[in-house]
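K.L.:
here's my sequence, what's the structure:
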Amino acid sequence: MASLDARAVASLLREYAQRTALAGGNPYRAKAYSRAADSLAALAVPLDVLVAEDRLTEIPGVGDAIADIITKVHKTGSHPSLEKLRKEIPAGVLEMLAVPGLRPEKVLRLYKDLGIGSLSELEAAAKDDRIKKAKGLGAALQTKILQNVAIAKSGEGRLHLHRAAALLAHAKDSIRKSRPELKRVTIAGDFRRGCELVGDLAIVAEAAKLDKTSTPSADGLQIRVSDRKHFGAALLFATGSAAHIEQLQALAAEKGMRLEPDGLHKGRTLIAGEEAEIYRALGLPFIDPELREGRGEIEAALKGKLPKLVTDQDLRGILHCHTDASDGTETLETMAKATRQRGFEYFGVADHSKSAHYAGGLSVEDIAQQHREADRLNKRFGKDFRILKGIESDILADGSLDYEDEVLERFDFVVASIHGRFKLDRKAQTQRLLRAISHPHTTIIGHMTGRQLQRRPGYEIDVEKVLRACAKHDVVVEINAHPWRLDLDWRWHQAALEFGCMLSINPDAHSIPELDHMHWGVMMARKGGVPAERVLNAMTLAEITRYLRQKRRSLDRAA
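P.N.:
From the prediction side, this is the model:
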């Protein structure tokens, strides 16, 4: 039989991962197979080339053991271990593993005890109240299934931003090594538009001459090769979105032109082939890729009202980070030094508060100790860098903040966040947030909706009402940059700006590598149309110190 391509091997390896998870044993092995399957689906070099040249371990997440599995599956179309596992569980059962919060052992119980053999059967059983009556399953699991089946369906085939970034970076590197004659190798698709979940892995490259051999053979990853004259148009179409392209084409038609994948035409003449030239010929300024969603960006461009979007370089400091005083992995000193080494002017520690027992929340004595440490380090750092003393205070069920006011007033800033009681109804949850926002010590509302992408939906709140309250009480809205959160959703950023809110791009870092989550927050802010002047931590150290002091003075006056 013919050998399998990368996409087919990736599919079988993903099935192997799922069946391994259901079989029990080491859970990390199943996760390793899944990561390797994702990498295979984004190969920029044909799999048979990598196999023939013994280069499989160049693929991210592929070591010797997985390379052996890939080789066997590629050559034979299967693997003995996979075939053995297939005899134990029907294929439809694997679908249920996509439901967030539904662990393999529960999937097995659903199959063996209730005979549920697919995602559709699972949804039907939950709606018919069959699951809550089963011993060892219950009402809570049934509710979770009903909530999360939609997530399983909507997130199918899509990757978190940071995972897509790693795969695309590897693909670019592979193309440059295997096809050095290609120039301007550029990432396009959903990732270039800054989408929070990426399903369209795409790259555009320039070739000096196009012929039938000019398009690299790639399995899964979309690679488009263009010549220099038409490169910009190819990049424009490969970036999308479909709605944005359609609106550009409609505008071109109004002007007697024709926008096609090879460029902007008037009659038989090619008017423009580069992205910026195409926009300019249509009477538009260049529209940043993150804005290209067909949500009014062309109308704004025509009126000269496009925002100047925030960039990574605009950010001057980091807020909302955790240390080993609560559930982080590093000391305050280590996190602060790593922040300083990245060129920032301040580090805002915000460990968990006392009610967060699950995360090692700080006692009042712990706070005093951390503040003494911050003071000691600040003396050493001097005037150019400062640790800002913050806390991530739990918003309790009634909307009050963790700690008494005399404790809260010791902090430079307070991030108020919900970490429990997610199932309150929309009105109660909204009121809970509104009370926290009205608390005079609240500086920032953290991860406002509590969502975790492809894991759980956010709790139900009236987002507009909450944003209006933040504007009224001068409370900053967090753009949580953790790639599993990216909360507040970018679709609400314009409303926040219109109501008068400031925003803060925060990494919610629990380790040194997670400090670099800031970049994903910037991408979300850009997608939401946020300019630097509306971002709290785009302020310099002097500016944010003044801002926080003014807020404290207003507290003193109110008292």
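
K.L.:
now the phi/psi pair for G189, please.
P.N.:
Note on G189: its backbone torsions stand at phi 70, psi -160 [degrees, to the nearest 10].

K.L.:
same check, this time on D474
P.N.:
For D474, the backbone dihedrals (degrees, to the nearest 10) come out as phi 60, psi 40.

K.L.:
ditto for A126
P.N.:
According to degrees, to the nearest 10, A126 has phi -70, psi -40.

K.L.:
pretty sure it sits against Q147.
P.N.:
No. Judged on CB atoms under 8 Å, A126 makes no contact with Q147 at a distance of 9.6 Å. (Glycine included, C-beta is placed from N, CA and C.)

K.L.:
mutual contacts of these two, please.
P.N.:
Shared contacts of A126 and Q147, defined by CB atoms under 8 Å, 6 or more residues apart in numbering, are absent.

K.L.:
compare these two (neighbour count), which wins?
P.N.:
Shown here are A126 and Q147; by other CB atoms under 10 Å, A126 has more neighbours (22 against 16).

K.L.:
which residues touch that one?
P.N.:
Here A126 is in contact with 142, 145-146, 149 (CB under 8 Å, 6+ apart).

K.L.:
now, these that are in strands?
P.N.:
Using DSSP state E, no member of the contacts of A126 falls in strands.

K.L.:
most surrounded residue in the residues you listed?
P.N.:
Result: I145 is most packed of the contacts of A126 (other CB under 10 Å), 26 neighbours.

K.L.:
the residue nearest to E246 when sequence neighbours are not counted in helix, strand or coil?
P.N.:
Closest residue in space to E246, ignoring its immediate chain neighbours: G294 at 7.1 Å, by CB to CB, 6 or more residues apart in numbering. Secondary structure for G294, judged by DSSP: H, G, I helix; E, B strand; the rest coil, is coil.

K.L.:
list the contacts of G294.
P.N.:
By CB under 8 Å, 6+ apart, the residues touching G294 are 241-244, 246-247.

K.L.:
please redo it, this time with the cut-off set to 6 Å
P.N.:
Residues in contact with G294 (CB atoms under 6 Å, 6 or more residues apart in numbering) are 243-244, 247.

K.L.:
swap in L315?
P.N.:
By CB under 6 Å, 6+ apart, the neighbours of L315 are 537-538.

K.L.:
for it, what are phi and psi?
P.N.:
Backbone torsions for L315, taken as degrees, to the nearest 10, come to phi -80, psi 130.

K.L.:
which residues touch stretch 21-41?
P.N.:
6, 9-10, 13-14, 16-17, 20, 59-62, 66, 89, 104, 220.

K.L.:
wait, I meant stretch 367-378
P.N.:
Residues outside stretch 367-378 that contact it (CB under 6 Å, 6+ apart) are 325, 332-333, 386-387, 389.

K.L.:
any weak-confidence spans in the stretch 51-200 of the chain?
P.N.:
For the stretch 51-200 of the chain, applying pLDDT under 70 flags the ranges 154-157.

K.L.:
mind running it again at 80?
P.N.:
Filtered on pLDDT under 80, the stretch 51-200 of the chain yields the residue ranges 136, 150-157.

K.L.:
for it, what spans make up the helices?
P.N.:
For the stretch 51-200 of the chain, the helices defined by DSSP state H, counting those that start in this stretch occupy 64-76, 80-86, 104-114, 119-127, 138-154, 161-178, 189-192.

K.L.:
now for the ones you listed, which one comes closest to F422?
P.N.:
Nearest to F422 among these is helix 138-154 (10.1 Å), distances taken as CB to CB.

K.L.:
perfect, I'm done here.
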